[in-house]
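Participant: quick one, structure for this:
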Amino acid sequence: MASSTTAEIFTLSDGRNISYAIYGDQDSSRTIFYQHGYPSSHEEAIFCHEPAQRLGIRLISVDRPGMASSTYQPNRRLLDWPADLLALADHLKVDRFAVFGVSGGGPYALACWHQIPRSRCVGLGIMSGLYPTKLGLSGMLLMNRAIFWAAQWSPWLLGHLLDFGIGPTTRSAEELEKRLGDGMKSRPKPDRDAWDNSSRSVRQGLARGLKGAFENGPEGAGWEGHIYSSDWGFCLDEVKVEPGRVVLWHGDEDANCPVAMTEKAAKLLGNVELRISRGQAHMLFVSKLDEALETLGKMIDTA
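Facilitator: Okay, here's the model as predicted:
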């Protein structure tokens, strides 16, 4: 397995740069745009490389503004992202594709599904996703709730607090990986077990993704927290969902993004398939990644 993939740079029409990396089968026409978690960056998707390659999928992991080498975009909105992703798809000559959001990438995947024509975006998958905070934060880790609270008042302060929290270790992905492992001690048992039993690529991906989120400053992470806790610019019941085209995966013991939030979101969206894994938590992708990639690949094939 390739331990890393060199990021590519695409310059948008307004002069901003978008960085991305391609994993899996680079020659495949079955393309999935991966929306990384929070705070993170394109290298998070390292753990997708082998399964995507095995399943004949080209997986493109894209850095949102302010992450890795993507230009910070002041005052951006959630609904600004789909245009950036579609511009990249046009640049790469990707006609039809699916979007896959993990954790904090969920809102961005959902925004893409809402905004991009169905002739282009043909499938949506969200795993352990975050949904509008107004659906309720009961059962969520105190730290996550504090992030959303701080983001409403001062995105700048939030970014610097997050950066300070990991700053001393950002120069070493290995040390950051160790700290992530230590942090699992306060997580639900399924997450602790998933980390302990995860592959080297999962640990590398999470550590390098987090490192990349702050490599050009904390502003991107701070503003992204603000986006999550603000009005998304659309309501879930406004999103058109065709049967068989949207799947949500979630663990019933998830303390990062509580399952109750996902269940409420599924009802508002309508026509989605909600796959709840009993006895699983936020790191559901350790056991369900292959299933998700295979499901989205079939959506592309049958569009």
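
Participant: only C-alpha atoms for contact and neighbour calcs from this point on.
Facilitator: OK.

Participant: what's in contact with the helix or strand of the chain with the lowest mean pLDDT?
Facilitator: None of the helices or strands of the chain scores lower by mean pLDDT, DSSP states H and E than helix 155-166, at a mean of 76. Residues from elsewhere that reach helix 155-166 (C-alpha atoms under 8 Å, 6 or more residues apart in numbering): 147, 150-151, 176, 214, 217-223, 225-226.

Participant: hmm, which two among these are most spread apart?
Facilitator: Leu176 and His226 (24.5 Å; C-alpha to C-alpha).

Participant: more crowded one of the two?
Facilitator: Legend: neighbour count by other C-alpha atoms under 10 Å for Leu176 and His226, higher for His226 (26 against 23).

Participant: ok so, going back, list just the nearest of the contacts of helix 155-166 to Lys288.
Facilitator: For those, the closest approach to Lys288 (C-alpha to C-alpha) belongs to Leu176, at 24.6 Å.

Participant: gap between the helix or strand following the least confident helix or strand of the chain and the chain center?
Facilitator: Sequence-wise, the next helix or strand downstream of helix 155-166 (DSSP states H and E) is helix 173-183. Chain-centre distance of helix 173-183: 20 Å, with C-alpha atoms, centre = their mean, to the nearest Å.

Participant: can I get helix 173-183 in PDB, CA atoms only?
Facilitator: Provided in PDB are the C-alpha atoms of helix 173-183 (Å, rounded to 0.1, in the frame of the first residue of the first chain):
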ATOM      1  CA  ALA A 173       2.700  12.600  12.700                       C
ATOM      2  CA  GLU A 174       4.000   9.700  14.800                       C
ATOM      3  CA  GLU A 175       3.700  11.700  18.000                       C
ATOM      4  CA  LEU A 176       0.200  12.900  17.000                       C
ATOM      5  CA  GLU A 177      -0.800   9.300  16.300                       C
ATOM      6  CA  LYS A 178       0.200   8.400  19.800                       C
ATOM      7  CA  ARG A 179      -1.800  11.300  21.200                       C
ATOM      8  CA  LEU A 180      -4.800  10.200  19.200                       C
ATOM      9  CA  GLY A 181      -4.500   6.700  20.700                       C
ATOM     10  CA  ASP A 182      -4.300   8.200  24.200                       C
ATOM     11  CA  GLY A 183      -7.400  10.300  23.500                       C
END
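
Participant: and it, what other elements does it pack with?
Facilitator: helix 200-213 (3 or more C-alpha pairs under 8 Å, 6 or more residues apart in numbering; DSSP states H and E).

Participant: outside of the helix it packs on, which residues touch it?
Facilitator: Applying C-alpha under 8 Å, 6+ apart, the contact partners of helix 200-213 are 3, 38-47, 66-68, 170-171, 173-174, 176-177, 180, 195, 220-221, 286.

Participant: how does it look with 7 Å?
Facilitator: 39-47, 67-68, 170, 173, 176-177, 221 (C-alpha atoms under 7 Å, 6 or more residues apart in numbering).
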